[in-house]
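>>> The sequence isn't on hand, but the structure is:
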């Protein structure tokens, strides 16, 4: 975790550089956070392996921007770059979701797509989709969590989509599991819907908006068996826990009348679920094989006005 120094990535620092209109400020900020997190995942994949570059300059020259000498990727700023960005265009991404297709449904202000993360200590070359796919050859990259991780999953697919001919890519959806396959590389980029990580009555990928949320804080195997052999695991869970208290079930959803229910306050119930998740990782994940990420809370701002005023004063 980055230290709280003056150059670390903070919510207010990130928001200060966004030149967005009033209605678009929320989407713009989340898009930038998604880009930053996607970059950090790609950078970690790069660091995990040897020699071949995942990043490449537009003119073809490779550059060892992330060296063992210690470029702090968390220390930097957002810079406007309309020459090498965006890395992909919404309308050209084969598997873009309508839920994320801002331009398709009328958004005019697209300047948020041109912001690039610039570390203070090094220059980052342009993303190279083919090199990343080579890194993912014969591997499973799995995002697990709620819609925030689903957004990350779609973004990752769009980053590599243009480098794969139509006949060599596919998408398969089966309930909670969604699998994009790059056939030539025998690589998959997957998303598994599990908004609380452990079992809950919000696990249905479509019908999950329930007034009385119930969670089984000690039950995770039903979901986790789908992730066991993944090479890269990226988890997130937070927004679905934002209640003062939650009903916990000791028992099963198949026989709810036989279970024991207790209402537990936050953050205790959140802690209990994460302990179950952590214990599962300790037992079932081979850390010599699998690279793990946990994405904590995504900044939220329900009202645009304070941020729009701030943006206007900076632009």
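Nice, thanks for sending it over. What you see is a predicted model; the values in this text were computed from it and never measured.

>>> What ranges does the protein have for its strands?
For the chain, the strands defined by DSSP state E cover 76-80, 115-119, 140-145, 169-174, 177-182, 187-193, 199-200, 214-216, 232-236, 245-250, 260-265, 291-295.

>>> Which among those is found nearest to residue 90?
With C-beta to C-beta as the criterion, residue 90 lies closest to strand 115-119 of these, at 15.5 Å. All C-beta atoms are positioned from the backbone trio N, CA, C, and that covers glycine.

>>> Just the angle for the closest one relative to strand 76-80, thanks.
Calculated by axes from the mean of the first three to the mean of the last three C-alpha atoms, to 10 degrees, strand 115-119 forms an angle of 150 degrees with strand 76-80.

>>> tell me which residues in strand 115-119 are buried?
By 16 or more other C-beta atoms under 10 Å, the buried positions in strand 115-119 come out as 115-117, 119.

>>> quick one: which of the residues you listed is nearest residue 167?
Comparing these against residue 167 with C-beta to C-beta places residue 116 closest, at 32.4 Å.

>>> List the residues that contact the nearest residue to the closest one once chain neighbours are set aside.
Nearest non-adjacent residue to residue 116, counting by C-beta to C-beta, 6 or more residues apart in numbering: residue 81, 4.3 Å away. Counting by C-beta atoms under 8 Å, 6 or more residues apart in numbering, residue 81 touches 114-116.

>>> What about residue 207, how many residues nearby?
By other C-beta atoms under 10 Å, 9 other residues sit near residue 207.

>>> could you measure it against residue 196, distance?
15 Å (C-beta to C-beta, to the nearest Å).

>>> Give me the buried positions along stretch 224-241.
Residues 224, 226-227, 230-238, 240-241 are the ones in stretch 224-241 that count as buried (16+ other C-beta under 10 Å).

>>> Give me the average confidence score over it.
Stretch 224-241 carries an average pLDDT of 94.

>>> and that stretch, how far out from the chain's middle?
Its chain's C-alpha centre and that of stretch 224-241 lie 11 Å apart, by C-alpha atoms, centre = their mean, to the nearest Å.

>>> Start and end of that stretch, how far apart?
19 Å (C-alpha to C-alpha, to the nearest Å).

>>> quick one: residue 114 and residue 80 touch, right?
Yes - contact criterion C-beta atoms under 8 Å: residue 114 and residue 80 qualify, at 5.7 Å.

>>> In terms of neighbours, single out the busier of those two.
residue 114 (15 against 12).

>>> Could you report the pLDDT at that one?
At residue 114, pLDDT is 92.

>>> Could you report the separation of it from residue 91?
In terms of C-beta to C-beta, residue 114 sits 16 Å off from residue 91.

>>> Report the separation between the two terminal residues of stretch 277-293.
Distance across stretch 277-293, first residue to last, is 13 Å (C-alpha to C-alpha).

>>> looking at the chain, which helix or strand is least sure?
Between all helices and strands in the chain, the lowest mean by mean pLDDT, DSSP states H and E belongs to helix 11-16, at a mean of 30.
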